[in-house]
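Asks: Got a predicted model here, sequence first, then my questions.
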Amino acid sequence: MHDHNPLKAVFFDRDGVLNVDRGYVHDPAELEWVPGAREAIAALTAAGVRSIVVTNQSGVARGYYGEDAVHALHAHMQGDLHRLGGEIAAFYHCPFHKDAVVEAYRRDDHPDRKPNPGMILRGLAEAGLSPQDCVLVGDNDSDVEAARRAGVEGFLFTGGDLLQFLRTKLGRRFPAAPGDPA
């Protein structure tokens, strides 16, 4: 545990953590936020803590949708968050998969595909962050394993309200909302 370290960033898996996982979500019309997700990001943003998305997107490799659809969905999510004062500081996605039907995306073990830590390592480097100042929230063992390989503490989210989950897991490291007892 790194209780003494102020929290500087939270890495989030996307499907199943920020939005309800309906399988290969790529259409903004299908986007359903997980309860508390927007509020959690707004609270982090208000406190100056970065929210960073790291998402495997094998649907691209499988030819279900293109990377342009991934970017469009992320832009849509950002718009929703801005209305609540929240912001994702950076989005990273891995379109590569060993069984890709799209040749350009076929890779046996791409360094960005979780449980590999490539996206997290890039997020740390590009934002100048230390692993001990960050946590990751994922809904899969591969998310938590990717965090471990990057030296970041990982939490497994199994559903419910994401804001409450973060408050419970992070305790004093989670920024207090205005009006919360210190």
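Replies: Great, that's in hand. Numbering: from 1, shown residues only.
Asks: in the longest strand anywhere in the chain, what counts as buried?
Replies: Counting residues, the longest strand found in the chain (DSSP state E) is strand 50-56. By 16 or more other Cβ atoms under 10 Å, the buried positions in strand 50-56 come out as Arg50, Ser51, Ile52, Val53, Val54, Thr55, Asn56. In this view, the C-beta of every residue, glycine as well, is placed from N, C-alpha and C.
Asks: Give the next helix or strand downstream of it.
Replies: Per DSSP states H and E, the first helix or strand lying C-terminal to strand 50-56 is helix 58-61.
Asks: Residues contacting that following helix, please?
Replies: 24, 26, 65-67, 70, 93, 95-97, 99-102, 105-106 (Cβ atoms under 8 Å, 6 or more residues apart in numbering).
Asks: Swap in 10 Å and give it another go.
Replies: Helix 58-61 is touched from outside by 15, 23-26, 64-70, 93-107, 110, 113, with contacts defined as Cβ atoms under 10 Å, 6 or more residues apart in numbering.
Asks: on that earlier part again, and the longest strand of the chain, what does it pack against?
Replies: strand 9-12, helix 37-46, helix 67-82, strand 90-94, helix 118-127, strand 134-138, helix 141-150 (3 or more Cβ pairs under 10 Å, 6 or more residues apart in numbering; DSSP states H and E).
Asks: again, only using 8 Å
Replies: Here strand 50-56 touches strand 9-12, helix 37-46, strand 90-94, helix 118-127, helix 141-150, going by 3 or more Cβ pairs under 8 Å, 6 or more residues apart in numbering; DSSP states H and E.
Asks: That one pairs with which strands, and in what direction?
Replies: Strand pairing for strand 50-56, using DSSP bridges, gives strand 9-12 (parallel), strand 90-94 (parallel).
Asks: tell me the mean pLDDT over the first one?
Replies: For strand 9-12, the mean per-residue pLDDT is 98.
Asks: Distance from the chain centre to it, please.
Replies: 6 Å (Cα atoms, centre = their mean, to the nearest Å).
Asks: can you dump the C-alpha coordinates of that strand into CSV?
Replies: The C-alpha atoms that make up strand 9-12 are tabulated as CSV, following Å, rounded to 0.1, in the frame of the first residue of the first chain:
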residue,chain,number,x,y,z
ALA,A,9,-3.6,9.5,-11.5
VAL,A,10,-6.1,6.7,-11.8
PHE,A,11,-5.9,4.4,-14.7
PHE,A,12,-9.3,3.0,-15.7
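Asks: Identify the residues contacting that strand?
Replies: Under Cβ under 8 Å, 6+ apart, the answer for strand 9-12 is 18, 44, 49-54, 89, 120, 123, 127, 129, 133-138, 147, 152, 166.
Asks: So which of the contacts of helix 58-61 are in strands?
Replies: Using DSSP E, the contacts of helix 58-61 in strands are His93, Cys94.
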